[in-house]
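Student: Predicted coordinates and the sequence they were generated for:
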Amino acid sequence: MVKSSKRTLQISEQAEALIPTPWGNFRMIAFAENASDWMPHLALVHEHFNPERPALLRIHSECLTGDIFHSKRCDCGEQLDKSLEMTAQAGGLVLYLRQEGRGIGLINKLKAYNLQDLGLNTVDANVHLGLEIDARQYDIAIEMLLTLGIKQVNLLTNNPDKIEALEHSPIEVLSRVPLIIEPRQENSGYLKTKKEEMGHLLEE
């Protein structure tokens, strides 16, 4: 079930700069409540993006272990790379939300990893720690999209919660675009849990 924020959002664009990447040039736009925020949410908007056309959109939650250190425990880093490649080809955008560990934070995620090494899956590990299975919220993403003037999207996701969140917003979801990543031996159990217990729309 999609959760709503308990506070009034007041984020706005604080700064932007051109970021050349291996996939193309993106404008990186930092969104935060104030300019002193050290961990703003980010929009990476391709240079050929046109807000008057439906946008290929990826909403990606931060995963330090996967995105930066290329951990094989998950598929997050590969998802981010593939998303940047696909949105560059389509003139779309990636929203990078600072919701580490499905919203439980890095410290708790590392504790959950230790429990997974003892045999628990990713869902049961969170429950054992007294945490939500998925604490992420997407109202910030919606506010960012509205600020960018986006009205229609083709959503690059396997997560039905993201689809539901946008369907309850002014943003029209025209289609879901699957994000297909080849499973690895190290993350096959993780992906199985995402599909069977969290309802992710993963291909066979």
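Tutor: Nice, I can see it. Residues are numbered from 1 along each chain as shown.
Student: element containing the residue nearest to the spatial centre of the chain?
Tutor: The residue lying closest to the centre of the chain (C-alpha atoms, centre = their mean) is residue 60, at 1.6 Å. With secondary structure defined by DSSP states H and E, residue 60 is part of strand 55-61.
Student: Keeping just the C-alphas, turn that strand into PDB.
Tutor: This file holds the C-alpha atoms of strand 55-61, laid out as PDB (Å, rounded to 0.1, in the frame of the first residue of the first chain):
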ATOM      1  CA  ALA A  55       8.500  11.300 -20.600                       C
ATOM      2  CA  LEU A  56      10.300   8.100 -19.900                       C
ATOM      3  CA  LEU A  57      10.600   8.200 -16.100                       C
ATOM      4  CA  ARG A  58      12.600   6.200 -13.600                       C
ATOM      5  CA  ILE A  59      12.000   6.800  -9.900                       C
ATOM      6  CA  HIS A  60      15.100   5.300  -8.200                       C
ATOM      7  CA  SER A  61      15.600   5.200  -4.500                       C
END
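Student: quick one: it to chain centroid distance?
Tutor: Distance, stretch centre to chain centre, for strand 55-61: 7 Å (C-alpha atoms, centre = their mean, to the nearest Å).
Student: for stretch 57-69, same thing?
Tutor: Averaged C-alpha coordinates place stretch 57-69 at 7 Å from its chain's average position (C-alpha atoms, centre = their mean).
Student: Strands of this structure, start to end?
Tutor: 12-21, 24-32, 41-46, 55-61, 93-97, 152-156, 172-177 (DSSP state E).
Student: Contacts only, for residue 91.
Tutor: 46-50, 53, 55-56 (C-beta atoms under 8 Å, 6 or more residues apart in numbering). Placement of C-beta: from N, CA and C, glycine included.
Student: which non-adjacent residue is nearest it?
Tutor: Distances taken as C-beta to C-beta, 6 or more residues apart in numbering put residue 48 closest to residue 91, at 3.7 Å, once the chain neighbours are dropped.
Student: Surely residue 32 and residue 42 touch.
Tutor: No: counting by C-beta atoms under 8 Å, residue 32 does not reach residue 42; the two are 9.8 Å apart.
Student: so where's the chain uncertain?
Tutor: Counting by pLDDT under 70, the chain contains low-confidence residues at 1-9, 183-204.
Student: Return the residues in contact with residue 124.
Tutor: Taking C-beta under 8 Å, 6+ apart as the criterion, residue 124 is in contact with residue 115.
Student: Next one: the residue nearest to the centre of the chain relative to residue 177, how far apart?
Tutor: 14 Å (C-beta to C-beta, to the nearest Å).
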